[in-house]
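>>> How does the following fold in three dimensions:
(chains A and B)
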Protein chains: 2
Amino acid sequence: MNAIGIICEYNPFHLGHARMLEGLRRQYDAPLVCAMSGNFVQRGDAAVAHKHARGEMAVRCGADLVLELPTPWAMASAERFADGGVALLTSTGVVSHLAFGSECGDLTALQAAEAALSRPELMPRIRQLLAQGMAYAPARQQAAEELGAPPRMLSRPNDILAIEYLKALRRQKAPMEPLAVLRQGAGHDGTPSGDTASASYLRTLLRSGRTDEALSYLPAPAAQVLRRELALGQAPADLSYCQRAILARLRQLREEDFLPYDGGKEGLYHRFYQAVRTSCSPEALLETAKTKRYPTSRLRRMLLSAWLDVTPPAGGIPYLRVLAANERGRDLLRQMQRQGAPVLTRPGDVSRLGPAAETLFRQESLWTDLYVLTYPQSSRSVCGSDWRTNPILL
Amino acid sequence: MNAIGIICEYNPFHLGHARMLEGLRRQYDAPLVCAMSGNFVQRGDAAVAHKHARGEMAVRCGADLVLELPTPWAMASAERFADGGVALLTSTGVVSHLAFGSECGDLTALQAAEAALSRPELMPRIRQLLAQGMAYAPARQQAAEELGAPPRMLSRPNDILAIEYLKALRRQKAPMEPLAVLRQGAGHDGTPSGDTASASYLRTLLRSGRTDEALSYLPAPAAQVLRRELALGQAPADLSYCQRAILARLRQLREEDFLPYDGGKEGLYHRFYQAVRTSCSPEALLETAKTKRYPTSRLRRMLLSAWLDVTPPAGGIPYLRVLAANERGRDLLRQMQRQGAPVLTRPGDVSRLGPAAETLFRQESLWTDLYVLTYPQSSRSVCGSDWRTNPILL
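Now for the predicted structure:
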């Protein structure tokens, strides 16, 4: 075993995350490499703290190296998110295992579900069920179970994501072994159990000002980082500061302008445009556009993609941007560099990695210039931080 | 005398405005037709109340007909603002006189200043003085005085605007006689004197919540309209609600994207782009970009034009949109229609006025969709109000 990869968001990093890293450390003697969403996350939201702070939290709590999953993959469907994470970890050239939490913790069951989802009969059957008026998620679950997936494997968020990782590993023929870790404690969106609260619960606490309560669910070193960010007015970042900014931009787009942000190309953009014209808030817009077929998370991503102008990536991920690392992570980075991996440590060096890398980095930098507008303290919302921020080295 | 035209903003309509209309009524027996800025005004700001409310205030206080000066002329340099107002009133075909307030109230002096400003020697001399490091306004004043303008004619805002009206009348060979009215009471930006306060002072009162104090400077019928708008959460409209919206859009523009909003084409756009990248608020941006040469009002217009995407008009004003009218105004409208003036009463009829009219109206409607985001009550910020709102008929 050379290194263990983890695909994550750490939004924010909490005791459940710390426990998973601790367990991996106890069981294996290998560096832990995280592919972590940058400033925007998979559910179509601004991360509660910026990427360097979240990377620092992870390294202070057991990770060795945190790499940025760029926005076009981080703020995408579960499938593209998983694809991006697996591709990023593969291109390090040093990650031999992929660890992921799941509610069932049963690799065999997850693999059986993944095999069912890869059968060519799946999509026709899903389409049949959709035509009968079923929503997408239950239709997919029923079709998969008919094709041999174990029951209820597609109903719990971490199981679903785990299956996406397995799919991505297969599709990319990635040279990584899966390690299914049993997820303990609070459910993904649930209320706390013991000292474990879900990240989404913690975000709610933070955004409603219940700071101390939120911080009590974080490992002390992570709490310290987050407390610093709160004191600086850089957290909790909250899209609600940008409600009018989002509406203003969406109102300036014509109907056809929404097409590039409509992942499915099924005509959702038409519905979305109509909702823009009748809504006085992003929440009302999502409520108006929502149907059984189009879940809110997808609409949220579309909304945020349209605001930021994030379109689906054309090629692969052209750089491995280091957000944070400790000494062990730095050893790994040197090993990666020797093997020719496109490691990006200092932002100014991005042009050496070629035009695709430069183009993506420029975009990412503009997205960050919008992300900082979600800070509570508007005086902290300076432009260009992506070009100025070096990795956090511990 | 057929009808008297007035170019105005009424932002908001106050006792000074009422007195001017009263004076014209006392002196002449002619209908009063206003060419009034729509939702955005000349200093690069959102009007404190929407255009139909301001039109209603004017008609309740002595005007007979209020027509909308569209945004590309309303939110422009004094020169283009005057040009637009004069063109709009000319195209009614019924306005025989143009009345305007001025600090000097002396038509002969204003005409002498206008003649000096029309001399071909003017611009070379201004350029000389600019090259010596003088700011634009004093350079223009000195050059004009050297060419025969009476002293201090270019230092007071209403005198300056009056001269622009005279210039526009001459340039367009407009068939309207000028009527210079002595402006009494408070200065344009000054503090109140007696019961007269300037519109800018009233906006400050309104935007700082000193509502009753502000309303005491309005004629009772205007105060009633404004009180209604305040109660609805539609006033005081305030760009500060859209600070992050403005920053977000400006941050998404590349340097060359600013060029169309740079009236002077002198490279200000370059300076402006740099200021965008270093500023965390629109005010800080204006402060950064400001120089002796580029006054804040011009930068404000550039900022707002870039946010709204308002570019200089290519042709003339293709319609006369009625915002408000009383019975006498409606008589005048019938007369205008008989003469073939492009009167627009119901928004849905705009396509009958040709493609230029339709294009401008669509743009105006989108600008209004952004204007409503400056309302205090975001639930009032519905799209499409330009298409739904008929004139206020009293």
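
>>> unless I'm mixing things up, residue A:31 is touching residue A:4, no?
Yes: assessed by C-beta atoms under 8 Å, residue A:31 is found in contact with residue A:4 at 7.3 Å. For glycine as for every other residue, the C-beta is placed from the backbone atoms N, C-alpha and C.

>>> interface residues of chain A facing chain B?
Residues of chain A lying close to chain B by C-beta under 8 Å from any C-beta of the partner chain are A:241-245, A:247-249, A:251-252, A:276-278, A:280-281, A:307, A:309, A:366, A:369-370, A:373, A:378-384.

>>> Which among the residues you listed count as buried?
A:241-245, A:247-249, A:251-252, A:276, A:280-281, A:307, A:309, A:366, A:369-370, A:373, A:378, A:380-381, A:383 (16 or more other C-beta atoms under 10 Å in any protein chain shown).

>>> where's the worst-scoring helix or strand of chain A on mean pLDDT relative to the chain centroid, distance-wise?
Among the helices and strands of chain A, helix A:136-146 carries the lowest confidence by mean pLDDT, DSSP states H and E, at a mean of 89. Here helix A:136-146 is found 24 Å from its chain centre; the criterion is C-alpha atoms, centre = their mean, to the nearest Å.

>>> contact partners of that helix?
A:113, A:116-117, A:122, A:125-126, A:129-130, A:134, A:149, A:151-155, A:292-293, A:295 (C-beta atoms under 8 Å, 6 or more residues apart in numbering or on different chains).

>>> hey, where'd the helices end up in the stretch 101-250 of chain A?
A:107-117, A:122-131, A:136-146, A:157-171, A:199-207, A:211-215, A:220-232, A:243-252 (DSSP state H, counting those that start in this stretch).

>>> To residue A:392, which of those helices lies closest?
Closest approach to residue A:392 among the helices of the stretch 101-250 of chain A (C-beta to C-beta): helix A:220-232, 9.2 Å.

>>> Report the mean confidence score over the closest one.
If you average the pLDDT over helix A:220-232, you get 98.

>>> got the angle for the helix or strand hosting residue A:90 vs helix A:157-171?
Element membership for residue A:90 (DSSP states H and E) is helix A:78-92. Relative orientation of helix A:78-92 and helix A:157-171, computed by axes from the mean of the first three to the mean of the last three C-alpha atoms, to 10 degrees: 50 degrees.

>>> Give me the buried positions along the longest helix out of those in chain A.
Determined from DSSP state H, the single longest helix within chain A is helix A:355-371. Buried residues in helix A:355-371, defined by neighbour count with 16+ other C-beta under 10 Å: A:356-357, A:360-361, A:363-371.

>>> now, among those residues, which is nearest to chain B?
Lowest distance from chain B to these (C-beta to the nearest C-beta) belongs to residue A:369, with 4.7 Å.

>>> Hmm, residue A:384 and that closest one touching each other?
Yes: contact status for residue A:369 versus residue A:384: in contact at 7.1 Å, counting by C-beta under 8 Å.

>>> So what's the residue count around the residue in the stretch 1-150 of chain A that chain B sits nearest to?
Of all residues in the stretch 1-150 of chain A, the one sitting closest to chain B is residue A:46 (12.3 Å; C-beta to the nearest C-beta). Residues lying near residue A:46 (other C-beta atoms under 10 Å in any protein chain shown) number 26.
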